[in-house]
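S.K.: Got a predicted structure here, sequence first:
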Amino acid sequence: MSTQFASAGSSLAMARPGEKKSVALIGAPTDAGAADRGSSMGPEALRVAGLREALAARGLQVHDRGNLNGPGNPWQLPVEGYRHLTEVIEWNRLVHDAMYAALREGHLPILLGGDHCLAIGSISAVARHCRERGKKLRVFWLDAHADFNTRELSPSGNIHGMPVACLCGFGPAQLSELSGQKPAIEPSVIRQIGIRSVDPPEKRFVHEQGLEVFDMRYIDEVGMRQTMEQALLGLDEDTHLHVSFDVDFLDPEIAPGVGTTIPGGPSYREAQLCMEMIADTGRLSSLDVMELNPALDVRNKTALLAVDLIESLFGKSTLMRRAVP
Ligand SMILES: NC(=[NH2+])NCCC[C@H](N)C(=O)O
Ligand SMILES: [Mn+2]
Ligand SMILES: [Mn+2]
């Protein structure tokens, strides 16, 4: 694949020449879908780590929309296989509406989670937007987990382990039909990267549905560069690229501030390359930053790292780049 490098910050999707690309920050402070409390503090930790300033320094116009206001976490045990289903539905409705509105207004929306169950609302909104605009969609799911459980398969009942399945039409109607179309997306639009923890029944379902998964074994064998080249294959000017970044994608040695840490994740350099290669496509059009849990972090270092990686995702590079053959 011929790799084209963008000069810093010039080629974000939808930016017209001479126009500042605008980004909308949408905070969704809930941990209702998670196993641990605390990711509800994620949006503020990202702000404290300087997300707005970092994006502004990339030449973007930043609109911080503040936080959505949804129900509290009742902290109850699963009922009929789902934990906090009512709250998760309500939060996802709010997220869907906010993401959809931001896209319609021409912003590149960044969802600040919150736990990963919220990707249901976010990605259904993105999918709806793409359908209406006749755009192709590609979803990059950067995560230690496949998040492809259903009520029947889940070991926990936690809905943050189920968003990909819900989006593909396997889940309660109020979640899987959020944007009026079931399924919201086909498995073929998804590329999962960094995966290293999949529950045994979930594993069978991943294979059955034909998800394209670049697990850690694959990254170990071919390296991050070839992995990303594979995952980016087929992207063109008509593609809306959505990145769903679960911070537990990163190795817990560098990113301890998440609830479900799994050792053996991408290193700092590998994660940087992953983000840089996405930036180089110029197709990034929406983003989720999920599962950051300040209650488990050390001096906000995971939030600072996330901001650093987001800068790379938006085109920050050490030098002006020329293509490497
Ligand atoms: N977004 C996440 N952190 N997901 C973790 C899921 C863990 C486990 N597979 C479960 O279903 O409970
Ligand atoms: Mn995860
Ligand atoms: Mn996840």
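M.R.: Okay, I see it. Ligands and ions are numbered 1, 2, ... in the order given.

S.K.: quick one: the strands in the stretch 201-325 of the chain?
M.R.: Secondary structure of the stretch 201-325 of the chain (DSSP state E, counting those that start in this stretch): strands located at 212-215, 239-246, 284-290.

S.K.: Centre of the chain to the first one, how far?
M.R.: For strand 212-215, the gap between its own C-alpha mean and the chain's C-alpha mean amounts to 15 Å (Cα atoms, centre = their mean, to the nearest Å).

S.K.: neighbouring contacts of that strand?
M.R.: 146, 187-188, 190-196, 206, 227, 230-231 (Cβ atoms under 8 Å, 6 or more residues apart in numbering). C-beta: built from backbone N, CA, C; applies to glycine.

S.K.: Apply 7 Å and report the result again.
M.R.: Applying Cβ atoms under 7 Å, 6 or more residues apart in numbering, the external contacts of strand 212-215 come out as 146, 190-193, 195-196, 206, 227, 230-231.

S.K.: Please identify the deepest-packed of the strands of the stretch 201-325 of the chain.
M.R.: Greatest average neighbour count among these goes to strand 284-290 (a mean of 27), per mean count of other Cβ atoms under 10 Å.

S.K.: in stretch 197-210, what counts as buried?
M.R.: Going by neighbour count (16 or more other Cβ atoms under 10 Å), the buried part of stretch 197-210 is 197-199, 202, 205-206, 209.

S.K.: And stretch 216-235, by the same measure?
M.R.: Quick answer for stretch 216-235 (16+ other Cβ under 10 Å): 216, 218-219, 224, 227-228, 231-232, 235.

S.K.: Kindly indicate which of those residues lies nearest ligand 3.
M.R.: residue 216 (14.8 Å; Cβ to the ion).

S.K.: so what's the closest one up against?
M.R.: Contacts of residue 216 by Cβ under 7 Å, 6+ apart are 194-196, 264.

S.K.: top of the residues you listed by neighbour count?
M.R.: residue 194 (30 neighbours; other Cβ atoms under 10 Å).

S.K.: roughly how far apart are it and ligand 2?
M.R.: 9 Å (Cβ to the ion, to the nearest Å).

S.K.: quick one, the one helix or strand that residue maps to and strand 239-246 angle?
M.R.: Assigned by DSSP states H and E, residue 194 belongs to strand 190-195. Following axes from the mean of the first three to the mean of the last three Cα atoms, to 10 degrees, one obtains 30 degrees for the angle between strand 190-195 and strand 239-246.

S.K.: What are the neighbouring residues in contact with the residue in the stretch 151-300 of the chain that ligand 1 sits nearest to?
M.R.: Nearest residue of the stretch 151-300 of the chain to ligand 1: residue 161, at 2.2 Å (Cβ to the nearest ligand atom). Contact partners of residue 161, counting by Cβ under 7 Å, 6+ apart, are 145, 147, 149, 154.

S.K.: could I get these as CSV with neighbour count, secondary structure and pLDDT?
M.R.: Shown next, in CSV, are these (neighbours: other Cβ atoms under 10 Å; DSSP: H, G, I helix; E, B strand; the rest coil; pLDDT from 0 to 100):
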residue, neighbour count, secondary structure, pLDDT
145, 25, strand, 99
147, 27, coil, 99
149, 28, coil, 99
154, 21, coil, 98
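
S.K.: Show me which of the residues you listed is closest to residue 119.
M.R.: residue 147 (7.8 Å; Cβ to Cβ).

S.K.: what does this structure put close to ligand 1?
M.R.: 116, 145, 147, 149, 154-156, 158, 160-161, 199, 246, 248, 260, 291 (Cβ under 6 Å from any ligand atom).

S.K.: Look up phi and psi at residue 137.
M.R.: Main-chain dihedrals, residue 137, degrees, to the nearest 10: phi -120, psi 140.

S.K.: so how far is residue 243 from it?
M.R.: Distance of residue 137 to residue 243, given as Cβ to Cβ, to the nearest Å: 12 Å.

S.K.: Same question for residue 88.
M.R.: Residue 88 is 22 Å from residue 243, by Cβ to Cβ.

S.K.: Also residue 164?
M.R.: In terms of Cβ to Cβ, residue 164 sits 14 Å off from residue 243.

S.K.: Tell me the confidence at residue 319?
M.R.: Listed pLDDT for residue 319 reads 87.

S.K.: Kindly state the beta-bridge partners for the residue positioned nearest the centre of the chain.
M.R.: With distances taken as Cα atoms, centre = their mean, residue 244 lies nearest the centre of the chain, 1.2 Å away. On DSSP bridges, the residues paired with residue 244 through beta bridges are residue 141, residue 288.

S.K.: pretty sure it contacts residue 141?
M.R.: Yes - using Cβ atoms under 7 Å, residue 244 is in contact with residue 141, at 5.1 Å.
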